[in-house]
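A.B. asks: make a model of this:
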Amino acid sequence: MNCGAPGKPYGVVREAAETVLAEQHDPLLLRRSAPDIAIVERRRWFFRHPATVRVTHWINALCFILLLLSGYQIFNAHPALYWGVASDFEHPLVSMSSPNSFLSEPRGVTTILGRSFDTTGVFGLSYDSQGQALTRGFPNWLTIPSSQDLATGRRWHFFFAWLFVLNGLAYFLYGFASRQLRWRVIPSRDQIRGFWASVREHLTLHFPQGDEAKRYNVIQKLTYLIVIFVLLPLQILTGLAMSPGIDAAFPWILTLLGGRQSARTIHFICAHLLVLFVAVHIVMVILSGFWNNMRSMVTGWMVIEKETLDEQPSA
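C.D. replies: You can find the predicted model right below:
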């Protein structure tokens, strides 16, 4: 049955009456009397993700992971963040270091807005597989490559950054042309009115069923709006602002962002807001039905569990 409709382009829905399937697989059902069959469950197969959406999703996932790990490699070349045009070495916003001290064991220290935290073993000072201490911002198991190699890290970062941009552009153009983007990220009026109800559902881990499960809820849509139209463009713009060639051609970018060090800090913050988004996304995928969600992003098809029909037979 084709359920495609203007504004709801998810396309084909395959509905199967499970009473018929049950008769084929359970001969005992044929011998039951009608009053015994009071509860009938039905399921629907719903085609949720077109191939272009699925392919760009997984390319984005790969690119994001590699960009994050190669970005940590670049950050380790100078593990501190500042605000403004130049570096203020005495007053960093964030720094990861291992202060030299002859009176105590080496330790890692992370400083955030003037407050210092002992982060030995993770940030500032970590250990390699042989137990040797490494004075680095992020540990070697979180960087590409694992050894301190700024040049290689930059090559990885730049390659996957452009792949990420081109892939995102392909997704955006497809979504705009097919109206998938509007359907997926623009909440309807009734969804906006039900915002707080959706918040309560998420907090109590009650997820939509039936027809409501076919579309993204208002929290998902608003989150995707922020990610697609705020965080990702800002991440790209601040990344370009750290290129001397781009700065020479478009000096207004640095002026807009408040200087090169401000751009670097914004880039770092946006990256970790995206990490937070991905972490929450993965948790919700697991809680709302891991295998069903994974199947939908691999094959396009997902199962919509309809409400159980609990009807008492008439006398």
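
A.B. asks: any idea of the mean pLDDT in stretch 305-315?
C.D. replies: Mean per-residue pLDDT for stretch 305-315: 47.

A.B. asks: typo on my end, it should be stretch 98-110
C.D. replies: 78.

A.B. asks: ok, now which ones touch the residue most central in space within the chain?
C.D. replies: With distances taken as C-alpha atoms, centre = their mean, the residue of the chain nearest its centroid is V278 (2.8 Å). By C-beta atoms under 8 Å, 6 or more residues apart in numbering, the contact set of V278 is F64. (Glycine included, C-beta is placed from N, CA and C.)

A.B. asks: host element of it?
C.D. replies: For V278, the host element (DSSP states H and E) is helix 260-287.

A.B. asks: could you point out which element follows that helix?
C.D. replies: helix 290-298.

A.B. asks: got the contact list for the residue lying closest to A241 once chain neighbours are set aside?
C.D. replies: Distances taken as C-beta to C-beta, 6 or more residues apart in numbering put A263 closest to A241, at 3.9 Å, once the chain neighbours are dropped. Under the criterion of C-beta under 8 Å, 6+ apart, the contact list for A263 reads T238, A241, M242, I253, L254, L257.

A.B. asks: helices - which of those residues land there?
C.D. replies: Of the contacts of A263, the ones assigned to helices by DSSP state H are T238, A241, I253, L254, L257.

A.B. asks: would you turn these into CSV with distance to S126, pLDDT and neighbour count?
C.D. replies: Compiled in CSV, those are given as follows (distance: C-beta to C-beta, whole Å; pLDDT from 0 to 100; neighbours: other C-beta atoms under 10 Å):
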residue, distance to S126, pLDDT, neighbour count
T238, 27, 96, 23
A241, 30, 94, 23
I253, 35, 93, 18
L254, 33, 92, 19
L257, 31, 94, 20
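
A.B. asks: widest-spaced pair of those residues?
C.D. replies: T238 and L254 (10.0 Å; C-beta to C-beta).

A.B. asks: one step back: now do the residue nearest to the centre of the chain against A133, distance only.
C.D. replies: 31 Å (C-beta to C-beta, to the nearest Å).

A.B. asks: and what of W162?
C.D. replies: 36 Å.

A.B. asks: neighbour-wise, which of the two wins?
C.D. replies: A133 (16 against 11; other C-beta atoms under 10 Å).

A.B. asks: does that one really touch P106, like I thought?
C.D. replies: Yes - in this structure A133 lies within contact range of P106 using C-beta atoms under 8 Å: 5.8 Å.

A.B. asks: got a list of what R107 touches?
C.D. replies: Per C-beta under 8 Å, 6+ apart, neighbours of R107: S98, P99, D118, T120, G124, L125.

A.B. asks: part of a helix, is it?
C.D. replies: No - per DSSP: H, G, I helix; E, B strand; the rest coil, R107 lies outside any helix segment and is coil.

A.B. asks: dihedrals phi and psi, it?
C.D. replies: Backbone torsions of R107, given as degrees, to the nearest 10, read phi -150, psi 160.
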